[in-house]
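Trainee: Mind folding the following:
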Amino acid sequence: MINFIICEDEPILLKKYVNEIDKFMMRYDIDYKCHTFVGYDEKWKECAKKENGFKIYLLDIKTKTGSGLDAARLIREEYDDWVSMIIIITAYNEYKYEALEKRLMLVDFINKLSNFEERLKVALIRCIKNYDNRQKSLKYTYKNNLYNIELRQIVSIEKEPDNKRCIVKTISNTYPIPGTLNTILKKLDNRFIKCYRNLIINLEQIEKYLIKEGEIRLKNGDVINTISRNQKKEIIKYVRGLR
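Mentor: This next block holds a predicted model:
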């Protein structure tokens, strides 16, 4: 989940920012929500403090209830949040150097009166790349053991025959996991596909796809010969860099 936290005291511009975000996010299969504020009041601070997923801030630099730069400093220093992405939006270019000097790790400093839509799009692309590159994990409990497996390390997940559990295969180990493949797939991101009824694979772990032979070779040396007809196109698109 991505939470867009937007502060802008001009209602028309606030609505415009939300519309631009909605339009941008249509290309991504990612859950998101826009939280809108007209100033840096207690409600804004409560939202900023919450541990509610990945955050992207759009901060107006000058409102009746505070400064976007002060808000960014609050996020970084007082809330100790150096992960969320912060975009400063303003009509006051003279604050740009002040913003850079404060070392607040800003994604961009955008002039709302000059080519705003294109600049925002570029900034959001950077944010989404950061979101995709996070070391997300598969977390679960099985037989009183806690598991926390990085998604990037998972090669495949296979249903065990005649058993109510599956096996997670990583680059260096294997782990049991309860539940069906469909249940597990909901906990993963879009790098994973169910290539057959008893197997999930990590697309990033594909080394080669031999189309004529219908054979997938994974980076750990495993070879998969059974691929559902529906997933062949997705695999070809990914290997060719089109997905």
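
Trainee: pLDDT weak spots in this structure?
Mentor: Scanning the chain for pLDDT under 70 picks out the ranges 51-52, 92-103, 132-135, 241-243.

Trainee: Could you chop it up by domain?
Mentor: Each domain of the chain is listed here as a residue range: 2-132, 143-239, per automatic domain parsing.

Trainee: which residue ranges form the helices in this structure?
Mentor: For the chain, applying DSSP state H gives helices covering 11-25, 42-49, 68-73, 96-101, 116-132, 181-185, 229-239.

Trainee: now, of these, which is deepest in the fold?
Mentor: helix 68-73 (a mean of 20; mean count of other Cβ atoms under 10 Å). Yep, even glycine has a C-beta here, placed from its N, CA and C like the rest.

Trainee: if we can go back for a sec, pick the most buried one from the domains of the chain.
Mentor: Compared across those, domain 2-132 shows the largest average neighbour count, a mean of 16 (mean count of other Cβ under 10 Å).

Trainee: give the contact list for residue 91.
Mentor: Residues in contact with residue 91 (Cβ atoms under 8 Å, 6 or more residues apart in numbering) are 111-113.

Trainee: Spatially nearest residue to residue 39, not counting backbone neighbours?
Mentor: Counting by Cβ to Cβ, 6 or more residues apart in numbering, residue 65 is the residue found nearest to residue 39 once chain neighbours are left out, at 3.2 Å.

Trainee: how close does that neighbour get to residue 38?
Mentor: Between residue 65 and residue 38 the computed distance is 8 Å (Cβ to Cβ, to the nearest Å).

Trainee: which residues do those two both contact?
Mentor: By the contact definition Cβ under 8 Å, 6+ apart, residue 65 and residue 38 are jointly contacted by residue 9.

Trainee: From residue 185, how far off is the residue lying farthest from the centre of the chain?
Mentor: Checked against the mean C-alpha position of the chain, the extreme residue using Cα atoms, centre = their mean is residue 162, at a distance of 35.5 Å. Look at residue 162 and residue 185: by Cβ to Cβ, they are 21 Å apart.

Trainee: and what of residue 236?
Mentor: 20 Å.

Trainee: And for residue 3?
Mentor: Taking Cβ to Cβ as the criterion, residue 3 is separated from residue 185 by 24 Å.

Trainee: repeat for residue 219
Mentor: 21 Å.

Trainee: mind listing what the residue most central in space within the chain touches?
Mentor: The residue lying closest to the centre of the chain (Cα atoms, centre = their mean) is residue 131, at 3.3 Å. Applying Cβ under 8 Å, 6+ apart, one finds that residue 131 lies in contact with 2, 30, 54.

Trainee: Many thanks, I have nothing further to ask.
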